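Q: task: produce atomic coordinates for the following.
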Amino acid sequence: MDAIKDNFQKIVTQAKQDGVKVEMLISGGESLELGFQKNTLKDFESTQTQMAGLRVVKGASQGYAYTENLSLEALSRTYIEALNNAKTVQSTESFEIPMMKPQVFKALNLFNPEEIDMEKKMEVARDLEAKCLALDARVQTVPYSGFSQGSSFSRILNSEGIDQEFKQNYYTGSAAPLVKEGEISKMGGEGFFVRSFSEINVDEVAREGVNNAIKYLGASKLKTGNYPVVLDRKVFPTVLAMLLSYLSAKEVHENKSLLKGKIGQKVASDKFTLIDDPFELHGSAVRPFDAEGAPSQKTVLFENGVLKNFLTNLEYAKRMNLPHTAHAARGPSSPMGIGPTNLVVAKGGKTQAQLLGQFPGQTVHITKFTGGLHAGFKDSTGDLSMPAEGFLYENGKCLGPVDQFVVSGNVLDVLRDIIEVGDTYSKPGRSLIAPDVLIKSMSFAGG
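A: Next up, the predicted model:
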């Protein structure tokens, strides 16, 4: 017996009497968080969540409500609340927001729960700290480290006949050691994202985490000026994050995107190709369908610098007469929006060493942004000003780490000034996936 489906069908019957369409998104999961500090268990948290969000569509209006109780009584009350919200914000537009009808989608089998002893999980969490401390005397503490195990599910049902579900499970962990030499302290870090417990390599995470801190010791100030720049594969995703809102058809419709009116135009370097790929297992945002139940698909956003598409859900594909790219995004407690899955920059053919030696003279390798994106990026203009750290190279040879500088520019200029693209991605676990990227020139304010 499927009580959820039976309860929802009763709501569908009522919705038809009310002359509206209804959709229910249920999501939740389980998580386990473990963390050690000074070889003592500091964090132990096990949670289970489940929430249902109802969306009622009445013409051009939408109403939302949510509940953690999936009984018929609770869902019926939630439906009435969503219906009343739709009536309250009722639009005078003749436009009718569409709702997804059933279609075949590509199944993804990423739910493979494993029976792992708790002691083995505790050992991973304990070793993430302990192995960092044992690797080098300069490691003072490991302020942030931990292991987590998670599983999630999403189920969508609507009055058009959709009923589909996606589940997945994964393990994540990280270690961020603090190292000190003299009066200078630096923090590094490394992590993992895997779908099988056997893939966890604590020794590698600890070794790279410690190295990612130690390599910044002895940094000098970078002189103010303009330099060619290699944005590291761990850093260029921050630039992609700056683009996110510009790629949403909703933002374009509301005149908030700097890319409005530029479909078919060359707005970036011909070395820059960007694809939204919900099937890329290297990324963390894998899914077989979007938040409306539309089958996922790859979408080319930039091809050799030419803007090819915006991301759309059903409503904005219809409003703007754009291709439907299946990028509806919402949680049970949030309204319908548009969002990407895995944004993947196509690799080039150059090694990192080749990029760093491309230009005669000095090149800056930016390996870390030390300020928050919202503090250093102005969405309305595309201007960025980011505190950063990295390494100074001359004729391809590393001169050492540099810090205490701010790199400035404009995100669209950065895309236009891409000279070459690297041939390697960073480790799995992010939804923004990029290789190293060589930029012709950026402005630096240093010492």
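Q: quick check: end-to-end length of stretch 228-244?
A: The first and final residues of stretch 228-244 sit 25 Å from each other (CA to CA, to the nearest Å).
Q: just for the stretch 251-400 of the chain, where's the confidence low?
A: Counting by pLDDT under 70, the stretch 251-400 of the chain contains no low-confidence range.
Q: where do the strands sit along it?
A: 274-276, 299-303, 306-307, 328-329, 337-338, 343-345, 362-369, 377-378, 383-394, 397-410 (DSSP state E, counting those that start in this stretch).
Q: is it possible to get CSV of those strands that adds mean neighbour count?
A: For glycine as for every other residue, the C-beta is placed from the backbone atoms N, C-alpha and C. Shown next, in CSV, are the strands of the stretch 251-400 of the chain (neighbours: other CB atoms under 10 Å):
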stretch, mean neighbour count
strand 274-276, 22
strand 299-303, 20
strand 306-307, 20
strand 328-329, 22
strand 337-338, 21
strand 343-345, 25
strand 362-369, 21
strand 377-378, 16
strand 383-394, 20
strand 397-410, 17
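Q: between the ones you listed, which gets nearest to Thr238?
A: In terms of CB to CB, the element of the strands of the stretch 251-400 of the chain nearest to Thr238 is strand 362-369, at 5.5 Å.
Q: taking strand 383-394 as reference, get the angle to that closest one.
A: Here strand 362-369 runs at 130 degrees with respect to strand 383-394, directions being taken by axes from the mean of the first three to the mean of the last three CA atoms, to 10 degrees.
Q: picking up where we left off before, out of the strands of the stretch 251-400 of the chain, which comes closest to Phe8?
A: Among the strands of the stretch 251-400 of the chain, the nearest to Phe8 by CB to CB is strand 328-329 (18.7 Å).
Q: which elements pack onto that closest one?
A: When contacts are defined as 3 or more CB pairs under 8 Å, 6 or more residues apart in numbering; DSSP states H and E, strand 328-329 sits against strand 337-338.
Q: show me what the strand or helix carrying Glu204 is in contact with.
A: Glu204 belongs to helix 202-214 when assigned by DSSP states H and E. With CB atoms under 8 Å, 6 or more residues apart in numbering as the test, helix 202-214 has contacts from 124, 127-128, 131-132, 135-136, 138-139, 173-179, 186-192.
Q: how about a cut-off of 6 Å?
A: Outside helix 202-214, the residues within contact range by CB atoms under 6 Å, 6 or more residues apart in numbering are 124, 127-128, 131-132, 135-136, 139, 175, 177, 179, 186-190, 192.
Q: strand 362-369 and that helix, what's the angle between them?
A: Inter-element angle recorded for helix 202-214 and strand 362-369: 120 degrees (by the same axes, to 10 degrees).
Q: ok, and for helix 202-214, which residues are buried?
A: Applying a neighbour-count criterion of 16 or more other CB atoms under 10 Å, one finds Val202, Val205, Ala206, Arg207, Glu208, Gly209, Val210, Asn212, Ala213, Ile214 buried in helix 202-214.
Q: as a markdown table, those with pLDDT and distance to Glu280 would be great.
A: What follows is these, written out as a markdown table (pLDDT from 0 to 100; distance: CB to CB, whole Å):
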| residue | pLDDT | distance to Glu280 |
| --- | --- | --- |
| Val202 | 98 | 26 |
| Val205 | 98 | 22 |
| Ala206 | 98 | 28 |
| Arg207 | 98 | 27 |
| Glu208 | 97 | 23 |
| Gly209 | 97 | 25 |
| Val210 | 98 | 30 |
| Asn212 | 96 | 25 |
| Ala213 | 97 | 30 |
| Ile214 | 97 | 32 |
